[in-house]
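1. can you look at this prediction? I've put the sequence above it.
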Amino acid sequence: MPGIRCAWCGTDPLYIAYHDTEWGVPEWDGRALWEKLILDGFQAGLSWITILRKRDAFRAAFRGFDPAVIAGWGEADVQRLLADPGIIRHRGKIEATIGNAQAWLRIEDAGGFSDFLWKHLDGRPLQNRFATMAEVPAQTPVAVAMAKDLKSQGFKFCGPVITYAFMQATGLVNDHITTCIAHDRVAAMGA
């Protein structure tokens, strides 16, 4: 798509495709939200393009990000994942993913993971109107509250900066700058 895009996606074709088709698009499916939150946790300390390039390997290694499967994993699975060069091999993040799967199951059974997240925005995406990337915050009070709620349920690697990046990626907030070719299209999806 010709035109102005958010500057963070640069010129990498994979990043551009992600920006144009996924980032900021409202997501209401609880499993898809969980996968993206887990990937954002793995991204901590790294660039998102690193995770994007490894996303297919992550999906294979984590069996399609099925929380019901991952919740039952133990040390043998941790060792298998630590030996997998296709993913980020970080014991703490791998173990957190297993615990996060268990927490996801509890939340899903109690009323749904999607509703648990979207309640922070009354079920509708926040439509920001930032003119420049410099205006976009790294975290917000809503992200702080969501991170606190997630942690209270047993989630790890979901601090407010990770949570806000997750909110941006999954369209809980629309942080495409107003001159971006995706801003109005994404805004219309949340209307």
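-> Great, that's in hand.

2. which parts of the chain are helices?
-> 13-21, 30-43, 48-61, 67-70, 75-82, 91-109, 113-118, 141-152, 160-169, 183-189 (DSSP state H).

3. export these to JSON lines and tack on mean pLDDT, distance to E135 and mean neighbour count?
-> For every residue, glycine as well, the C-beta is placed using N, CA and C. As requested, these are exported to JSON lines (pLDDT from 0 to 100; distance: least, C-beta to C-beta, whole Å; neighbours: other C-beta atoms under 10 Å):
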{"stretch": "helix 13-21", "mean pLDDT": "97", "distance to E135": "18", "mean neighbour count": "15"}
{"stretch": "helix 30-43", "mean pLDDT": "97", "distance to E135": "21", "mean neighbour count": "22"}
{"stretch": "helix 48-61", "mean pLDDT": "97", "distance to E135": "19", "mean neighbour count": "16"}
{"stretch": "helix 67-70", "mean pLDDT": "98", "distance to E135": "35", "mean neighbour count": "18"}
{"stretch": "helix 75-82", "mean pLDDT": "98", "distance to E135": "38", "mean neighbour count": "14"}
{"stretch": "helix 91-109", "mean pLDDT": "98", "distance to E135": "30", "mean neighbour count": "19"}
{"stretch": "helix 113-118", "mean pLDDT": "98", "distance to E135": "24", "mean neighbour count": "21"}
{"stretch": "helix 141-152", "mean pLDDT": "98", "distance to E135": "16", "mean neighbour count": "17"}
{"stretch": "helix 160-169", "mean pLDDT": "97", "distance to E135": "13", "mean neighbour count": "22"}
{"stretch": "helix 183-189", "mean pLDDT": "95", "distance to E135": "13", "mean neighbour count": "16"}
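
4. closest one to I4 among these?
-> Closest to I4 of the helices of the chain is helix 183-189 (C-beta to C-beta; 9.6 Å).

5. residues contacting the closest one, please?
-> Helix 183-189 is touched from outside by 24-26, 125, 127, 171, 174, 176-177, with contacts defined as C-beta atoms under 8 Å, 6 or more residues apart in numbering.

6. possible to save these as CSV with neighbour count?
-> Output for those, formatted as CSV (neighbours: other C-beta atoms under 10 Å):
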residue, neighbour count
G24, 28
V25, 17
P26, 18
P125, 22
Q127, 15
G171, 21
N174, 28
H176, 25
I177, 21
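
7. out of those, flag the one nearest to W48.
-> Nearest to W48 among the contacts of helix 183-189, counting by C-beta to C-beta, is G24 at 13.2 Å.

8. pLDDT score for A191?
-> Listed pLDDT for A191 reads 71.

9. use 51 as the first number for this chain going forward.
-> Let's use 51 as the start, then, which means that last one is A241.

10. that one: how many residues sit nearby?
-> 8 (other C-beta atoms under 10 Å).
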